[in-house]
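>>> fold the following for me, if possible:
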Amino acid sequence: MPSDSIGKQIKSLRKTRELTLKELAERTGVSISFLSQVERGKSSVTLESLKKISDALEVNPSIFFSENRAREESGMEHESFHYEDLSCGIHNAVFSPIMVTLKPGENKGSAFSHNGHEFLFVIEGRLTVEVEGERIELCEQQPFMFDAGKVHYWYNFSEKDVKFLVVTSK
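Residues are numbered from 1 along each chain as shown. As a prediction, the model looks like this:
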């Protein structure tokens, strides 16, 4: 989904909830200037930021993915990763399934935490997960579940794409 569409949705939700950019920034820990750029389609948003924004707006992150497009077009594309919503258009579920593909060497980003739990299942490749500073390498067909309130992040230190399922709960 183009970043300007996500930005328009964020702005609309923020306005509906009568929040200023400053208030949303305070709730998310994301800068006002970044939020403004996202809303205007001038900056793309990571899943990390999208999760923080969706939590602050009290919506499921899957709301930002189009349910009217074909499944292969319903993802969010970025130069180093791809997210595909697997929620089948259900936005108020107690969990959110997303298929993530990380490109080789995708090891940038800031660790974050959020409410609920997170379940990971590696489909292809090797995924490195860091939880509270401890790194764990997951191989194909390997599951992993943890308290998402712990600071965490995913990395691809390999030379091949890694594809994995992420299911987060509220």
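>>> which strand or helix spans Asn92?
Assigned by DSSP states H and E, Asn92 belongs to no helix or strand.
>>> give me the neighbour count for it.
The local packing of Asn92 (other C-beta atoms under 10 Å) involves 10 other residues. Where you see a C-beta, it was placed from the backbone N, CA and C, and this is true even at glycine.
>>> and Pro97, by the same measure?
The burial count for Pro97: 18, using other C-beta under 10 Å.
>>> quick check: the gap between it and Tyr83.
Distance, Pro97 to Tyr83, using C-beta to C-beta, to the nearest Å: 11 Å.
>>> show me where the chain has strands.
If DSSP state E is used as the criterion, the strands of the chain fall at 75-77, 81-85, 95-102, 117-124, 127-131, 134-138, 143-147, 152-155, 162-169.
>>> compare those and give me the one nearest Gln9.
If you check each of these against Gln9 by C-beta to C-beta, strand 75-77 wins as the nearest, at 11.8 Å.
>>> for the record, mean pLDDT for the closest one?
The average pLDDT within strand 75-77 is 51.
>>> so for Val30, which of the strands of the chain sits nearest?
strand 152-155 (15.9 Å).
>>> disregarding residues adjacent in the polypeptide, which is nearest to Glu140?
Counting by C-beta to C-beta, 6 or more residues apart in numbering, Glu140 lies nearest to Val122, which is 5.4 Å off, once chain neighbours are set aside.
>>> so what's the residue count around the one you found?
20.
>>> going forward, count from 375.
Taking 375 as the first residue, the last one we looked at is Val496.
>>> what pairs with it across the strands?
For Val496, the beta-bridge partners under DSSP bridges are Phe538.
>>> just to check, it is in contact with Phe538?
Yes - Val496 is within contact range of Phe538, at 4.7 Å (criterion: C-beta atoms under 8 Å).
>>> so what sits against both of Pro471 and Tyr457?
Counting by C-beta atoms under 8 Å, 6 or more residues apart in numbering, no residue touches both Pro471 and Tyr457.
>>> any idea how far the residue most central in space within the chain is from Cys513?
Residue closest to the mean C-alpha point of the chain, counted by C-alpha atoms, centre = their mean, is Leu421 at 2.3 Å. Leu421 sits 22 Å away from Cys513, going by C-beta to C-beta.
>>> same check on Gly403?
33 Å.
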